[in-house]
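Q: the sequence and its predicted three-dimensional model are supplied below.
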Amino acid sequence: ACAVAALVGLSFSGAIGLTFLMLGCALEYYGVYWPLFVLIFYFICPIPHFIAKRVGDDSDAASSACRELAYFFTTGIVVSAFGFPIILARVEAIKWGACGLVLAGNAVIFLTILGFFLVFGRGDDFSWEQW
């Protein structure tokens, strides 16, 4: 019951984040779909974590170089996702209002991804692998 409630909450927050992203693209005042390239960052964000978890299965160690490198790459991906709409707005490819909506969507989506790993990545009686 708790896992289902967490999954419903995470899917709801993900839908809100994607709504912000779509509003930044599809509103008639903005009308430019360049910010949709942020979706690439959403998809590649968890990949370093998955690789580090697969390569270094030493869960008893407090820290490992592989895990730290995964954190570094993930941080670079997240910062790039926030920087991309700002650069698009600076070169006037999109309007600043669209940039704000995309940044709000980024914050919600990345917090949703973080929440997913916090809820389903513990490895106790339920985990994301069952989904």
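A: Yes, it's here.

Q: so residue 48 makes contact with residue 66?
A: No: applying Cβ atoms under 8 Å, one finds residue 48 not in contact with residue 66, separated by 9.4 Å. The way it works is simple: take the backbone N, C-alpha and C, and place the C-beta from them, glycine included.

Q: of these two, give the one with the bigger neighbour count.
A: Residue environment comparison for residue 48 versus residue 66 gives the larger neighbour count to residue 48, 20 against 16, counting by other Cβ atoms under 10 Å.

Q: contact partners of the helix or strand that contains the more buried one?
A: Residue 48 is located in helix 47-55, with elements delineated by DSSP states H and E. Counting contacts by Cβ atoms under 8 Å, 6 or more residues apart in numbering, the residues outside helix 47-55 that touch it are 64, 66-67, 69-71, 73-74, 77, 117.

Q: okay, now the unreliable bits of the chain?
A: Per-residue confidence for the chain (pLDDT under 70) gives these ranges: 1, 56-63, 122-131.
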